[in-house]
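Participant: sequence plus predicted model, see below.
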Amino acid sequence: MPVITWQALAASVATGQENASLRLSQQQLASVRRALQQAVDSTVAAKIETARTAIVPAKGGVLLASATRIVDMPAQPGKAEDGESTPLARWTRLQLNATPDSLKPFTLEGLVTASGKDTTGTPWVRIDPSLDASRMTAAGAHVLWWLFAAGLVLVNGVLFVLRWTQDSRRRDRLEADIATRPAPGTSGLF
């Protein structure tokens, strides 16, 4: 007789029978997978937390923050399809990084965009690999161009204000001079 419900499965396991004709629907199989994944994740998360206490007090070294993956490093195993790390993948990486084989030299080229220390005193350096020293001349030329443009705007702005004030003074004097002169045609000569 095939087992098609959870109760029948529990009853057959309790009596010690083998279930060669076990039938599960896709939904039941998915729920079993979810339950197993949750059990594994909770166990692995506990292992990561216990391992973290051994790792965190370790001092020395620098934290490098990069927007791109460091090419010379091995790919991170256990990545989920959606790009998020699962606890099992984090545990695999933790085990990989804890071995002496994971200590490999690498090269990271770019410009340092920020640096500092975190709350625990570990120095950190943020490197932007999309910027490099060979583009420094182009960046310097752009800065000089912007400074020249800002200087032109500033000089022209000052000249505009000077000319405006001179024009308004000239207009005021001309209006005062016109006001003191007699109206045209009233001089009485004709």
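Facilitator: Perfect, thanks for sending it.
Participant: next SSE downstream of the helix or strand bottoming out on mean pLDDT in the chain?
Facilitator: Every helix and strand of the chain was ranked by mean pLDDT, DSSP states H and E. The lowest is strand 63-66, at a mean of 62. Downstream of strand 63-66, the first helix or strand assigned by DSSP states H and E is helix 87-97.
Participant: buried residues in that next one?
Facilitator: Buried residues in helix 87-97, counting neighbours by 16 or more other Cβ atoms under 10 Å, are found at 87-93. Where you see a C-beta, it was placed from the backbone N, CA and C, and this is true even at glycine.
Participant: any low-confidence regions in the chain?
Facilitator: 1-6, 9, 13-24, 52-85, 97-100, 102-104, 133, 185-190 (pLDDT under 70).
Participant: mind naming the longest helix for it?
Facilitator: Taking DSSP state H as the criterion, the chain has its longest helix at helix 136-180.
Participant: other SSEs contacting that one?
Facilitator: Using 3 or more Cβ pairs under 8 Å, 6 or more residues apart in numbering; DSSP states H and E as the contact criterion, no helix or strand is in contact with helix 136-180.
Participant: parallel or antiparallel, list what pairs with the helix or strand where residue 127 lies.
Facilitator: Residue 127 belongs to strand 123-128 when assigned by DSSP H and E. Sheet pairing of strand 123-128 (DSSP bridges) gives strand 63-66 (parallel), strand 111-117 (antiparallel).
Participant: put the alpha carbons of stretch 159-179 into PDB.
Facilitator: The C-alpha trace of stretch 159-179 is given here as PDB (Å, rounded to 0.1, in the frame of the first residue of the first chain):
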ATOM      1  CA  LEU A 159      32.700  92.900 -15.200                       C
ATOM      2  CA  PHE A 160      29.000  92.700 -15.700                       C
ATOM      3  CA  VAL A 161      28.300  94.200 -12.200                       C
ATOM      4  CA  LEU A 162      30.900  97.000 -12.800                       C
ATOM      5  CA  ARG A 163      29.400  97.900 -16.200                       C
ATOM      6  CA  TRP A 164      25.800  97.700 -14.700                       C
ATOM      7  CA  THR A 165      26.700 100.100 -11.900                       C
ATOM      8  CA  GLN A 166      28.500 102.500 -14.300                       C
ATOM      9  CA  ASP A 167      25.500 102.400 -16.700                       C
ATOM     10  CA  SER A 168      23.100 103.200 -13.900                       C
ATOM     11  CA  ARG A 169      25.300 106.100 -12.700                       C
ATOM     12  CA  ARG A 170      25.600 107.400 -16.200                       C
ATOM     13  CA  ARG A 171      21.800 107.100 -16.700                       C
ATOM     14  CA  ASP A 172      21.100 109.000 -13.500                       C
ATOM     15  CA  ARG A 173      23.500 111.800 -14.400                       C
ATOM     16  CA  LEU A 174      22.000 112.000 -17.900                       C
ATOM     17  CA  GLU A 175      18.400 112.200 -16.500                       C
ATOM     18  CA  ALA A 176      19.600 114.900 -14.000                       C
ATOM     19  CA  ASP A 177      21.100 116.900 -16.900                       C
ATOM     20  CA  ILE A 178      18.000 116.500 -19.000                       C
ATOM     21  CA  ALA A 179      15.800 117.700 -16.100                       C
END
